[in-house]
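**Q** next input, structure requested:
(chains A and B)
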Amino acid sequence: MLNLSRNEKIAHAIIYFLLIALTLAFLIPFIIVFSTSFISDVEFARRGGYVLYPEAFSSGAYDILFGRSKVILNAYGVTLFRVVVGTGFNLAFTITMAYALAKKDLPGRVPLTIFVFITMVFSGGLIPRFLLVDALGLRNTLWSMIYPGLINAWNMLIMRNFFMSLPDELFDAAIVDGASPPTVLLRIVLPLSMPVIATIGLFYAVWHWNSWFDAAIYIDRSNLKPMQIILRSLLETTNMQGLEELAFIEDPPPAASLRSALIIVSTVPVLFIYPFVQRYFVKGIMIGGIKG
Amino acid sequence: MPQPVSPAGTVKDSKYRRLLKRMWFYRFYYLLALPGILYFIIFHYIPMFGIVIAFKDISPFGGVVGIIEAPWVGLKHFNRFFNSIFFWDVIENTVVISGLKIIFGFPAPIVFALMLNEVTRLKFKRFVQTVSYLPHFISWVVTTGLVTALLATSGGLVTEILNNMTGERWTFLTNPDQFRGILTLSHVWKTVGWSSILYLAAMAAIDPALYEAAAIDGANRFQMARYITIPSIAFVITILFIFEIGNLLDAGFEQILLLYSPAVYSVSDIIDTYVYREGLLGLKYSFAAAVGLFKGVMAFLFLIAANTLANRLGQPGLW
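**A** Residues are numbered from 1 along each chain as shown, chains lettered A, B, ... in the order given. Here you go, the predicted model:
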């Protein structure tokens, strides 16, 4: 046990107090939207807006989101497509390139790494990128949310550094045993790399789940809009644009509670998963911190 | 008579052949790299060359042919931007907002990590850490939605409470005096926990013997933090600070785009949001591309300067 002086004890008390206050500051906004998502029309009219706790629970907002609005389920579907297919593509492209660039005596390895690195420090900017996606005919397709971000250069370099850290003997032994390069990759390298693949895969998956801007500029067709777009359009307007069909519902729940419910619905999967996978993320940051 | 071959030529020739042989030996790896190379060419290098539109006058509906056939106009768009009434506003907003985020957002995770480092109850420490990572996993759309729930002019929880307490009408999100503060605060809220990871890792790597020796010498916890912990993480602080400076022109595009409104353009319109509005909403592609190119070149110079500084200080920079 630590022997603390009186001053140190006071300091510790202050630190604990500040950390508890900070923890509350992280949580309270979520508590507010969670509570507000349950308030009814009547309560909303009386209390005038967002609340810290509801006086009575009304599930009206959720009934509408899931029961009567196809928009939400469709948007969920688009987001799931992005996350699953998009992350799969990300990993396939990232792993293959990282594995090639990790081969220490591959002729041209250094120029290729510089070729990737240049894209990290200079970009053509928003307008040329937008015109390119337009010219390729990707606008208003699901692929406009997948192809432009296929490889994140930073993630690729993290993975390359990991592959480079694998011992050479591993490869030599396999090749002596007559394994071909594809066999070495599939049978030896990939199984050994599962932790880093999970980490990078999660980076990509969260990025896909949370992406808003690319869909905002590339997608106009309402049936291709992901969750974040629907959420945004509902959050920024008072007249429920983006959920036009809600306008025909009798006694709609208050706007604040619909918005809150949508925030909860689009955040809950992340909230439940991240405490269990955060150690992978932390690991990813660590590997990224090591320069190669 | 045999053809005379210069010895130099032989060497060169066989060197070349040996390289080809080695490349053939590694053919599988080039095949693996190929899709990635194509991706970077198509989605990164073609847009880089696409900046030629900044020196042309392209029509919004001309397509690729329109871009090729468009007339060259030299630096017209750059001159227009430099002489426009928005130029200094946009530059000022970018640098000031970015600067505010550095001044408050940079020390925050260091202080947070130092506080967590003093916590001896491991379960409590782990809980606080996990909760502090939460905002990192939330999209900016949701984050700005939460800001609105608290600060919306009508119905925002904090706004309503303050209205009732003071009898005045509070307008946070449309008030030019408060908007930059909101941007800074929500930035700190979203990043403080996650940014503390590298500092905590550096602290975990400190040899416990140092603390034990200090304790025997009669040092208290403040002295340990001051003379052991902080010097031990100084290199992480330096390197991360330099890269904050290198990214000075990225003031937080998505956050601002989602939170600002015409009422606060004067204090929050940054280069990126200006490019977006002029280009994608106003369809002035060439002009917006010129502004974007200006930012790209400036950001590149900043990064080089930051990296040179890092190397001068004996730190391994980005390269």
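
**Q** run through the residues that contact residue 144.
**A** Chain wasn't specified; assuming chain A. For A:Ser144, the contacting residues are A:133, A:138, A:214-215, A:218-219, by C-beta atoms under 8 Å, 6 or more residues apart in numbering or on different chains. All C-beta atoms are positioned from the backbone trio N, CA, C, and that covers glycine.

**Q** oops, I was thinking of chain B
**A** Counting by C-beta under 8 Å, 6+ apart, B:Thr144 touches A:235, B:186, B:255, B:258-259.

**Q** give me the phi and psi for whatever residue of the stretch 151-292 of chain A ends up closest to chain B.
**A** Chain B sits closest to A:Asn210 of the stretch 151-292 of chain A, with a gap of 3.4 Å, by C-beta to the nearest C-beta. Dihedral pair for A:Asn210: phi -90, psi -10, per degrees, to the nearest 10.

**Q** just give the number of residues close to it.
**A** 23 (other C-beta atoms under 10 Å in any protein chain shown).

**Q** so for residue 249, what's the pLDDT?
**A** No chain was given, so I picked chain A. pLDDT, A:Ile249: 56.

**Q** my bad, the chain I had in mind was chain B
**A** 93.

**Q** gap between it and A:Val84?
**A** 35 Å (C-beta to C-beta, to the nearest Å).

**Q** repeat that for A:Ile146.
**A** In this view, A:Ile146 and A:Val84 are 11 Å apart by C-beta to C-beta.

**Q** these two: which has the busier surroundings?
**A** Neighbour totals were compared for A:Ile146 and A:Val84, and A:Ile146 leads with 20 against 12 (other C-beta under 10 Å).

**Q** without its sequence neighbours, what residue ends up closest to that one?
**A** Using C-beta to C-beta, 6 or more residues apart in numbering or on different chains and skipping residues adjacent in sequence, the residue nearest A:Ile146 is A:Gly86, 4.6 Å away.

**Q** does that neighbour really touch A:Val206, like I thought?
**A** No. Contact criterion C-beta atoms under 8 Å: A:Gly86 and A:Val206 do not qualify, at 11.4 Å.

**Q** more crowded one of these two?
**A** A:Gly86 (25 against 21).

**Q** ChimeraX command to pick out the buried ones of the contacts of B:Thr144?
**A** ChimeraX command restricting these to the buried ones, with burial defined by 16 or more other C-beta atoms under 10 Å in any protein chain shown:
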select /A:235 /B:186,255,258,259
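
**Q** what's the separation between the residue in the stretch 201-319 of chain B positioned nearest to chain A and B:Tyr274?
**A** Nearest residue of the stretch 201-319 of chain B to chain A (C-beta to the nearest C-beta) works out as B:Gly292 at 3.0 Å. Plainly put, B:Gly292 is 9 Å away from B:Tyr274 if you go by C-beta to C-beta.

**Q** repeat that for A:Ala98.
**A** Using C-beta to C-beta, which is the criterion applied here, A:Ala98 is 36 Å from B:Tyr274.

**Q** so which of those two has more stuff around it?
**A** Applying other C-beta under 10 Å to A:Ala98 and B:Tyr274 shows that A:Ala98 carries more neighbours, namely 27 against 24.

**Q** now the end-to-end length of stretch A:60-70.
**A** Distance across stretch A:60-70, first residue to last, is 16 Å (C-alpha to C-alpha, to the nearest Å).

**Q** list the buried residues for it?
**A** A:60-62, A:64-65, A:69.

**Q** can the residues you listed go into TSV with extra columns for pLDDT and secondary structure?
**A** Output for the buried residues of stretch A:60-70, formatted as TSV (pLDDT from 0 to 100; DSSP: H, G, I helix; E, B strand; the rest coil):
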residue	pLDDT	secondary structure
A:Gly60	82	helix
A:Ala61	85	helix
A:Tyr62	86	helix
A:Ile64	81	helix
A:Leu65	80	helix
A:Ser69	72	coil
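
**Q** quick one: which of those residues is nearest chain B?
**A** Closest to chain B, out of all of those and judged by C-beta to the nearest C-beta, is A:Ala61, at 13.8 Å.

**Q** without its sequence neighbours, what residue ends up closest to that closest one?
**A** A:Ala261 (3.7 Å).

**Q** A:Pro148 too?
**A** B:Phe43 (5.3 Å).

**Q** dump the contacts of A:Ser144 into JSON lines; add secondary structure and distance to chain B as well.
**A** Supplementary listing: the contacts of A:Ser144 in JSON lines, determined by DSSP: H, G, I helix; E, B strand; the rest coil; distance: C-beta to the nearest C-beta, whole Å:
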{"residue": "A:Val133", "secondary structure": "helix", "distance to chain B": "9"}
{"residue": "A:Leu138", "secondary structure": "coil", "distance to chain B": "10"}
{"residue": "A:Asp214", "secondary structure": "helix", "distance to chain B": "11"}
{"residue": "A:Ala215", "secondary structure": "helix", "distance to chain B": "11"}
{"residue": "A:Tyr218", "secondary structure": "helix", "distance to chain B": "11"}
{"residue": "A:Ile219", "secondary structure": "coil", "distance to chain B": "13"}
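
**Q** average pLDDT for the helix or strand hosting the residue of the stretch 201-319 of chain B closest to chain A, rounded please.
**A** Using DSSP states H and E, B:Gly292 falls within helix B:285-312. Rounded to a whole number, the mean pLDDT of helix B:285-312 is 91.

**Q** likewise stretch B:45-55?
**A** Averaging pLDDT along stretch B:45-55 gives 93.

**Q** do stretch A:13-33 as well
**A** Per-residue scores along stretch A:13-33 average to 95.

**Q** what does it contact?
**A** Around stretch A:13-33, the neighbours that count as contacts under C-beta under 8 Å, 6+ apart are A:50-53, A:259-260, A:263-264, A:267, A:271, B:112, B:115-116, B:118-119, B:124, B:127-128, B:131-132, B:134-135, B:145-146, B:149-150, B:157, B:189, B:193.

**Q** inside helices: which ones of those?
**A** Under the assignment DSSP state H, the contacts of stretch A:13-33 contribute A:259-260, A:263-264, A:267, A:271, B:112, B:115-116, B:118, B:124, B:127-128, B:131-132, B:145-146, B:149-150, B:157, B:189, B:193 to helices.

**Q** buried only: go through the residues you listed for me.
**A** The buried subset of those - by 16+ other C-beta under 10 Å - is A:259-260, A:263-264, A:267, B:112, B:115-116, B:118, B:128, B:131-132, B:145-146, B:149-150, B:157, B:189, B:193.

**Q** I figured B:Phe104 hits B:Trp189, correct?
**A** No. Contact between B:Phe104 and B:Trp189 fails when scored by C-beta under 8 Å: they sit 10.8 Å apart.

**Q** now do the contacts for residue 136.
**A** Answering for chain A, as no chain was given. Taking C-beta under 8 Å, 6+ apart, one finds A:Tyr147 in contact with A:Leu136.

**Q** wrong chain, I was asking about chain B
**A** B:190-191, B:193-194.

**Q** for the residue in the stretch 101-250 of chain B that chain A sits nearest to, which non-adjacent residue is spatially closest?
**A** Here the stretch 101-250 of chain B gets closest to chain A at one residue, B:Gly155, 2.9 Å apart by C-beta to the nearest C-beta. Nearest residue to B:Gly155 in three dimensions, chain neighbours excluded: A:Gly49, at 2.9 Å (C-beta to C-beta, 6+ apart).

**Q** looking at the one you found now. What's its pLDDT?
**A** pLDDT recorded at A:Gly49 is 78.

**Q** cool, B:Pro109 as well?
**A** Looking at B:Pro109, its pLDDT reads 97.

**Q** if anything else comes up later, I'll come back, but that's it for now.
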